[in-house]
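# Prediction below, plus the sequence it came from.
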Amino acid sequence: MLEQTGLELVNWARAQFALTAMFHWIFVPLTLGLSFLCAFFESIYVKTGKEEWRRLTRFWMRLFGINFAIGVATGIILEFEFGTNWSNYSWMVGDIFGAPLAIEGLVAFFLEATFFAVMFFGWDRVSKGFHLFSTWMVAIGSNLSALWILVANGWMQFPTGMAFNPDKARFEMQNFWDVLFSPVAVSKFTHTTSSGFLLGSLFVISVSSWYLLKGRHKDMAKKSIVVASVFGLLSALFVGFTGDEAAYTDAQKQPMKLAAFEGLWKGQENAGLVALGVLNPDKRPGDDKDPFIFEIRVPGLLSLLANRSPGSFVPGIDDLVYGNSAQGVMGADEKIKRGKVAIQQLAAYKKAQQLGDQVAAETALQKFNDYKAYLGFGYLDSPEQAVPPVGITFYSFHAMVALGTLFILIFFIFLVLTMKDRIEGQRALLLLGVLSLFLGFIASEAGWVVAEVGRQPWAIQDLLPVTVARTDINVGSVKTTFFMFLVTFTVLFIAEVGIMLKQIQIGPEGK
Amino acid sequence: MIGNLDLSTLQYIWWILASIVGSLFLFMTFVQGGQTLLWQVAKTDDEKGLVINSLGRKWELTFTTLVLFGGALFAAFPKFYATSFGGAYWVWILILFTFVVQAVSYEFRKKPNNLLGTGTYELFLFINGTIGILLIGAAVGTFFTGSNFVLNEYNWVRWTNPLRGLEAAFSLFNLSLGIFLVFNARVLGALYLVNNIDFSGCKGLEPRLRKAVLVNFLCSLPFLLYFLVKLLIMDGFTIDPQTGVVSVVAGKYLANLLAMPWVLGLLLAGVLLVIWGVVATGLKEGTSGIWPAGLGTVFVGLSVFFTAAFNNTPFYPSKADLQSSLSIFNASSSHYTLTAMTYVALLIPVVLGYIAYVWHAMDSKKLGKEELLSDEAEYY
């Protein structure tokens, strides 16, 4: 019945999702951050009435618009990709997952789309006040859309507020507020949007640094840097704070992900945090090899961060795969056994219903209910399949954290030196400023890699593996669309970068 | 009050809401129609600039309406979303693809250093307005002609036609609906542009647009007639209200219209309103034809969606396995989700309200050549 199709199909579908999501994520954080920065700039203009702030606002808005268009282009695919490539998923959780997507369209996208036209073309058509209002609405709309899609994503990581309906073979929503305010959804939203603010600020710093290096538009560049470094610094601090929260919710709800991004194979009490390390690529679950070739550890810190309790036990990959009865950790091996019972009983229930045997149906259903929490594990063949790719997750996480720390420093130095009007001569620092945008992209994408690769093999944590979530389709179709999107997005991306660089070169005076 | 509605009422409400969004999308395809007129009606760069910038202030609304249509179907009828998008894979992928290339084209078309050149982005807009709309029409046509899928006991879809949805475009009926929508979008596009542009700087554009209204309407007629006549005489799919068994019966859609005279009324009123808009702008000197024609398009859209789904009709029938057919009753979300989403839907009037307000504020002064030439203005 619930036969699994070849891994090849699933892997192409995963690759396609990763491709489209990562392309989309180049543009989205800039939209999230730049929209607010434009709103700040325009507010200053309206408050002071100074022409140079108006010019400055319109310059950044033009760049925002170029980025926005390609963000929209790459976004529409994602909305429908759940259906095209993950059809079983869409059916099984559509009752919960569809709602935030619809709400996103209704409450967020229309705000963006409607007020975007005013923000761009309304300078002479509406009042100054209404124009400013529109710019704020675009910023709020963009970030509201992030809220709903992150609620949806948060639910995949920590499914809550729902129950399985065996008659329809799907999950159904039981409590909307549980879905909306789940701790994972909240930490996803705060961490992700603030990282967008951070990246938007880096964009402004990067472009402004280039102007200062070239000795062009110095006044505008410095004004922009002041606003962006204040916003960036606050955002970067908040990113750190919410990142801690995200790691804590990972530890509580997705311990395997935490173990993977920390490279923690054997669970420990008073576990240390790896600040820096090189993994042993030969390490496999259950073996006795040293997981690290080299590492620097901060003793005891991981226990503190993961459980907010010093000295506490943090389960490692091996504990989660094979169990650790001393610490009360059930392994994937046991969960697989229970999950297979759940699947069997669900099939028995369906069969009994078809035959009209109510007694047998009732018995099967009761047994299914006892084991349904492990449903997803029943589709795994071996406990080792519950382990995500450790290397990618570990390095992405550490790159993200290290860069996040660096950004706090960059924003701080830029702010201080610009306030003292000593930024102009600092060539090395300005070069770092230009470069910082690319580091920001790396950190930002790495964050999603941790979140998504780190939760493999699950489409819905513990309940639905990607191998079951996929559409029943020939691998050729998925491969073809993968390359279709790869080529299209790459070409459009090159065009976008070209246009963007040209507009930066032209500067605020021209068009 | 909403909390007390029973499941079947909610299922009707959500089909009506989805139909409204879908029909508003059909009205908003004036953007796509306008895109396909670009090369035909605009002879100079100034004229092109006017057409593009006039449409460019609206394209995102159309785009967003399409996205909301998809989102609303996902939330309210997830079995349809899963079955159709996963099953009729290629038709949806191609539709989406034309919207991907549309989304960058307004912004990138005239920008220096845009890699592909102005002509390519204009071609993207043309493809979106022709192939995109045609395939949407073909996909909607399958609401009546049926598709090839089987759902298993877990409601997972298996598509039995190797063309994965593209087969929809090889039915004359589906194709007629698609071609009608393309021409209708062109009619609406020309009507919108007549309404939105100040022609004082480019006199030649206006008569060409007015002529386009008329010509495209005439082109659309045979396809509309074929679609309607065929719809009235074709076999249709019906659900036995007692047993839930789906079967094929003769004259089902005619029976639906007769059983629901208000739907027939919507259809006729819609066609008349479109004709009114066309006559007022194509034959006379009116500039407001977009409004009756737009409303008429919404009415026609609603009547098509209602005929497909009400009166015990499965709106997404399966030819391959009749009992797999989807109706608003078996494809919907749970009572809880539909209730929650109905509360959310109370925001729809608010959204429509601010869209109307902004539309009015932005368009009360028509778009003229001077604005595009002034240093102050931002333009595509």
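Good, I have the coordinates.
# Point out the residues in the stretch 251-380 of chain B that sit beside chain A.
When proximity is defined by Cβ under 8 Å from any Cβ of the partner chain, the stretch 251-380 of chain B lies next to chain A at B:333-334, B:336-337, B:340-341, B:344-345, B:347-348, B:351, B:354-355, B:358, B:361-362, B:365, B:371, B:374-379. No exception for glycine: its C-beta is placed from N, CA and C like everyone else's.
# Mind checking which of those land in helices?
Among these, the ones falling in helices (DSSP state H) are B:336-337, B:340-341, B:344-345, B:348, B:351, B:354-355, B:358, B:361-362, B:371.
# Just the buried subset of those, written out for PyMOL, thanks.
The buried residues among those can be selected in PyMOL (16 or more other Cβ atoms under 10 Å in any protein chain shown) with this line:
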select buried, chain B and resi 336+337+340+341+345+351+355+358+361+362+371
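# Tell me the one among the ones in helices among the residues of the stretch 251-380 of chain B next to chain A nearest to A:Leu7.
When those are compared for distance to A:Leu7 (Cβ to Cβ), B:Thr337 wins out at 32.8 Å.
# list the contacts for the closest one?
Shown in contact with B:Thr337 (Cβ atoms under 8 Å, 6 or more residues apart in numbering or on different chains): A:95-96, A:98-99, A:172-173, B:75.
# and stretch B:102-116, is it in reach of chain A?
Yes - judged by Cβ under 8 Å from any Cβ, stretch B:102-116 and chain A are in contact via B:102-104, B:106-108, B:111-116.
# Tell me which residues are up against that stretch.
A:65-66, A:68-70, A:72-73, A:76, A:491-492, A:494-496, A:498-499, A:501-503, A:506, B:32, B:35, B:49, B:52, B:55-56, B:59, B:63, B:118, B:121-122, B:124-125, B:128, B:132, B:380.
# Checking B:Val150 next. Helix, strand or coil?
Three-state call for B:Val150 (DSSP: H, G, I helix; E, B strand; the rest coil): strand.
# Give the closest residue to it in space, chain neighbours not counted.
Excluding the flanking residues, the one nearest B:Val150 by Cβ to Cβ, 6 or more residues apart in numbering or on different chains is B:Asp321, at 4.4 Å.
# any idea how far that neighbour is from A:Trp91?
Counting by Cβ to Cβ, to the nearest Å, the separation of B:Asp321 from A:Trp91 is 16 Å.
# quick one, which of those two is more surrounded?
Higher neighbour count among B:Asp321 and A:Trp91: A:Trp91, with 28 against 15, using other Cβ atoms under 10 Å in any protein chain shown.
# was I right about that one contacting B:Phe85?
No - using Cβ atoms under 8 Å, A:Trp91 is not in contact with B:Phe85; the gap is 10.6 Å.
# May I see the buried residues of stretch B:233-242?
Within stretch B:233-242, the residues that qualify as buried are B:236-239, counting by 16+ other Cβ under 10 Å.
# Next, format those as CSV and append pLDDT, distance to chain A and secondary structure.
Shown next, in CSV, are the buried residues of stretch B:233-242 (pLDDT from 0 to 100; distance: Cβ to the nearest Cβ, whole Å; DSSP: H, G, I helix; E, B strand; the rest coil):
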residue, pLDDT, distance to chain A, secondary structure
B:Gly236, 96, 26, strand
B:Phe237, 97, 21, strand
B:Thr238, 97, 23, strand
B:Ile239, 97, 18, strand
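# and the residues of stretch B:102-116 next to chain A, which are buried?
With burial judged by 16+ other Cβ under 10 Å, the buried subset of those is B:102-104, B:106-108, B:111, B:114-116.
# hmm, which two among the residues you listed are most spread apart?
For these, the maximum inter-member distance is 16.8 Å, found between B:Gln102 and B:Leu115 (Cβ to Cβ).
# picking up where we left off before, just give me the closest of the buried ones among the residues of stretch B:102-116 next to chain A to A:Phe231.
Proximity of those to A:Phe231, judged by Cβ to Cβ, is greatest for B:Glu107, which lies at 25.0 Å.
# hang on, the closest one is in a helix, isn't it?
Yes - applying three-state DSSP, one finds B:Glu107 inside a helix.
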